[in-house]
Every structure is written in structure tokens, then in C-alpha cells.
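> sequence and predicted model, in that order:
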Amino acid sequence: KSEDKQNRAAASLIVVSNRLPFVLKREEDGTLTRKASAGGLVTAVAPVVVDNHGIWVGWTGLDDFDEETEVIPESSPDDKAPTAGLRPDQAIPLSVNPKLFDEYYNGCCNETYWPLFHSMPDRAVFNRDHWKAYQDVNDIFAQKTLEAVRSVHEKRMAIPDCSRPDPPIVWIHDYHLMLAANAIRDGCNDEGLQVRMGFFLHIPFPSFDIIRIFPWVDEILMGMLGCDLVGFHIGDYCLNFLDCCQRCLGCRTDKNKMFVEHCGRRVMVRALPIGIPYHKFESLSRIAPRVFPSDMKIILGVDRLDYTKGLVARLKSLERMFKKYPKWIGKAIFIQVAVPSRVDVAEYKELKETIDRLVGHINGEFSTPSWSPIRYIFGSVNQDQLVAFYRDANVGLITPLRDGMNLVAKEFVACQSESDPGVLILSPFAGAGGLMQEALQVNPYETDNVADVVDRALEMSLDERKLRMNQLKKREKRMDVDAWVRSFLSGMDSLLVPSVRPNHD
Ligand code: ADP
Ligand code: F6P
């Protein structure tokens, strides 16, 4: 019965995120085609929208998109991509003036919030014009979302009273849209449209001492509090948020019952650790063809090319590993797949150049005529290749300096065989670090520590590998992406029960 209720709730699910789950590309003949976007948000949320017949409001990835233009479906779609099955009418694309979008996305989101929320304030830029653009673009998203709410309500009104579904859920995602909720709420109130609103942050929420560096932090917090439920990956981020609401806004908060009171409303705060479509990864990994020779030990990294992922430190640790443990020369290789990301931001361009140089330097230092220590793929790989890489790797080396959760760690685990699994090495500075306790932990800042742990992983006995990996697999199977969505939807359903809606304790 409860599943039935969740299905009905999900049927009127409106997801709002900066990016649609695909980007549009203008072909030479002027037609527009779709291409799946990369990143944790799309991997997790796209299957949910597909399965629940939801609607997705977002940006197309095109500077000059005209909302009237027809979009041609991909000529050869990746039928294993998270977006497979998403109907064109499930996506509501919006257009934003290119200069405004640049100031909002490259400026405020990626040059300010991204480093700040990852506790790297020295990299953050503070600029009033970018902040203004952020406010304006959030308003554009809010207005577009209101259109979607109206259309859901029109369909809802056509259903007889007794079987009418619960009010639609608007689910806003990530740091790009922290201000959108109040405008949506106000619009709905003005038009008498009932709606439940949730927000989920896919990146860390930092401590008060970091967040207060942002000059307009109060507006951000009030924006998030426009929702009824605010979710984060782990408990630490929830506690940081509650602390900031109390210290910046003077709100009454309760760290046991996990809520914030603001403007006479009670906002639930929940740790909702995101998962992956575990079964999909597991079953794809059973059929994918082998990609590496079996006599070579493979150490694997898969990331967006981002300074938070710790790629430079990782390469230096590998250099140290080959120096300290020369027994691996000719016997092990490190494969790094790095998908280009945010290429218009200077920090990302510089990072690419640094990595190119470092890979060249390390390969020059250790290569033999028949072997090189590092194979570096700058680009995205398709799902079949990705699962084969995960499955055939002996070691998954996941060492972000800071990361909201890190789905790659989970995907690696799902693809491991039960009879001869590899070893996961994980940084404690990823949200996943505290949850995936059977992984080998490393401090990515300590080159020697990483070098030693990689050697240990490569030498680990089959019994220990099985013991660790089978526990990891069990947890990821249980806490998969469906479980994540179910816990979000049951949080939204609890809003329908009057006892959790009082304004006072
Ligand atoms: P983030 O959200 O910061 O990008 P996550 O690790 O949470 O980090 O999610 C990354 C997602 O993008 C994963 O689902 C992963 O499979 C996908 N991905 C990352 N790098 C690549 C790549 N080079 N090729 C294909 N997919 C990739
Ligand atoms: O996980 C954080 C995040 O910003 C997601 O919102 C997004 O899917 C991913 O990183 C990729 O970033 P972008 O959309 O800026 O390419």
C-alpha cells in the first residue's frame, strides 16, 4: 500500500536542476541533437524520472537555445545510459541569455560555491555581478517550474476528487538553485496551487566558519528553507546546516528531531545518502567484454576533471609508489579516465595542463620499451566500457580532497566479481568514506600513505578481498538509488500527515 502511495506521489514529480540529463548539440545543418550529460546528479536522478513518468526542468547546455526549436532524438542513443527511456515531453528546457548564464554558472556556481562548499575558500571568487546573475537565473528557473506545476495541476483537476493524487512534489537539486524555492512557493500560494517542495544538495555543506565567508549567506539559507524538506548526503552536512541556520539567522533548530523553524514553518532536515542503480551496474558487468590483459595489475581512477577529485596528488602518489616499490614496474599500470568538465573556468583549464605535464613526466621517468606506468584517457567512456574497466581493475583508487558523496566508489563495488574481487581505496574526505567502512582508507594529502596502501591493496589476499568487498556489495545493494528515492518520497509523504506540520513544538 505504501509503495502504491509512493508511486502516486512520484507520478507528479517535478525535478528541477541546473542541467537537464542531456546536453543539446547544434549540428552543422542547424538541427539539435541530444547527448547524455556526465555527473552524479544525472546518474542518480535520471532513472527516477524515467521510471516515475516525472518532468525535468533544466538548462540544455546550449547558449542560444530557442524554446520553440524542435529537438531531434539521438540517432544512435546509448541504450544503457541513465537517460535511456526519457521521453522528449518529460524534459522542459529553458533558455537563459548567454552572458547572464555565464555569470551565474561559471561565475557564481563554479567559481564561488563549488570551492567554498568544498572547503577550499582560497580558490573562491566573490563578485556582486555574479551574485546578481545567480538571483536572476534562479528566478527564471522558478518561473519555468511554476509553469510545470500549473500543467500538473490542470491534469490533476481532470481526475475525480476521490482518486485525485496528492499534491505534486517539486524536487530542487543542488547548489545552482538554492534560491528558487521561495519564488515557486509564492507563485503557488498566489494561484492557490498546492505543492510540496524538497531540496537536495549533491555537494558537501561546509561548517559555519567557511560558509560565513560568503557575503550573502543569509539569503542562501533562507532560500533553502523555502522547501519543506532539505536533504544532504550525510549527517555531518545536516549538522553544519542546522548550525548555520541557528548562528546566521537565529532560527530555532533541533538536532535530535532534525528540523529548523523559520517564518512560522518547520523545515525537516535529513541525511539521505545517495546510491546507484546497483543491479544495472552488476548485470552489465557480467556481460561486458574483457578490456585489460589478465597478467597486468590494474589500478583505476574515474573522475570528472576537477581539482576537488585530488588527481594531481593521486598522480604524485603513484609516482612515489613506483619509486618505493619497483617490483610493480612492468607489472602494474594506473589507468585514469577523466571526463572534461567546466572547461570555461580558468582553474579547470590550468588543472588539465598540470595533469598533462605530470602524466608525461611520470611516464618519461618509468616507461620501458613495452610498458608505461600511466594510461590517461581524457574523455568520457560509454557504460559498457566503464563497467568493464571497473570489473577488470584490481584496485579502485578514489582519493578526492573533498567530495559530497562519490558515486564512482559505489559503481566500482557493484561491478566487482564475488569470487575474485578487487580492492577499493577511498578517501575519508568523500561522503562515501564514512559509509563504506570496509574500503582501505588513505589520506590523499599524504603521498607516502597512498603509495603504501596501493602496494598493500595489490598484495592483499583473496580471503581479505572477498571479506571486504562482499560487505561493501551488500550495503550498496541495500542502499541503492531506489532506496534513496524512497526515503526522499516517504519524507515528502510525511508532510501530508498533519501531526508533523505544527508551527510550534
Ligand atoms: P560528480 O558528481 O562530482 O561528478 P560522482 O562520482 O558522484 O562525482 O559521479 C560521477 C558520475 O559520472 C558517475 O556516475 C560516473 O560513472 C560518471 N563519470 C565520471 N567520469 C566519467 C568518465 N570519464 N566517463 C564516463 N562516466 C563518467
Ligand atoms: O555533483 C555535483 C555536480 O555539480 C552535479 O550537480 C553535476 O551533475 C556534476 O557535478 C557535474 O557538474 P556540471 O553540471 O557543472 O558539469
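It's in. Numbers count the residues shown, from 1 in each chain. Ligands and ions are numbered 1, 2, ... in the order given.
> sketch out the low-pLDDT regions of this protein for me.
By pLDDT under 70, the weakly predicted segments of the chain are 1-11, 38-40, 64-80, 497-505.
> ligand 1 contacts on that one?
In this structure, the chain approaches ligand 1 at residues 38-40, 43, 302-304, 337, 339, 380-381, 386, 405-408, 411, judged by Cβ under 6 Å from any ligand atom. For the C-beta atoms, the positions are set from N, CA and C on the backbone; glycine is no exception.
> out of these, name the ones that lie in helices.
In this view, the residues of the chain next to ligand 1 that belong to helices under DSSP state H are 40, 43, 386, 407, 408, 411.
> Throw those residues into JSON lines and include distance to ligand 2, thanks.
Converted to JSON lines, these look like this (distance: Cβ to the nearest ligand atom, whole Å):
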{"residue": "40", "distance to ligand 2": "4"}
{"residue": "43", "distance to ligand 2": "8"}
{"residue": "386", "distance to ligand 2": "16"}
{"residue": "407", "distance to ligand 2": "9"}
{"residue": "408", "distance to ligand 2": "11"}
{"residue": "411", "distance to ligand 2": "14"}
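> where neighbours are concerned, which of those residues has the most?
residue 408 (27 neighbours; other Cβ atoms under 10 Å).
> and it, how close does it get to residue 455?
The spacing between residue 408 and residue 455, counted by Cβ to Cβ, to the nearest Å, is 22 Å.
> next: residue 88.
For residue 88 relative to residue 455 (Cβ to Cβ), the value is 51 Å.
> which one's more surrounded, these two?
Under the neighbour definition other Cβ under 10 Å, residue 88 and residue 455 were set side by side, and residue 455 has more, 16 against 11.
> next one: the strand or helix carrying the more buried one to chain centre, how far?
Secondary structure from DSSP states H and E places residue 455 in helix 447-459. In this view, helix 447-459 has its centroid 28 Å away from the chain centroid, taken as Cα atoms, centre = their mean, to the nearest Å.
> for that helix, which helices and strands make contact with it?
Helix 447-459 makes packing contacts with strand 297-304, helix 311-324, strand 395-398, strand 423-426, strand 440-441 when contacts are defined by 3 or more Cβ pairs under 8 Å, 6 or more residues apart in numbering; DSSP states H and E.
> try 6 Å this time
For helix 447-459, the helices and strands in contact under the criterion 3 or more Cβ pairs under 6 Å, 6 or more residues apart in numbering; DSSP states H and E are helix 311-324, strand 423-426.
> that's a strand at residue 199, yeah?
Yes - residue state for residue 199 (DSSP: H, G, I helix; E, B strand; the rest coil) corresponds to a strand.
> I figured it was touching residue 227, is that so?
Yes - A contact is recorded between residue 199 and residue 227 when judged using Cβ atoms under 6 Å, the distance being 4.2 Å.
> at the contact with ligand 2, which residues of the stretch 351-500 of the chain appear?
Contact residues, the stretch 351-500 of the chain versus ligand 2 (Cβ under 6 Å from any ligand atom): residue 404.
> measure residue 372 to ligand 2 for me?
Relative to ligand 2, residue 372 is positioned 30 Å away (criterion: Cβ to the nearest ligand atom, to the nearest Å).
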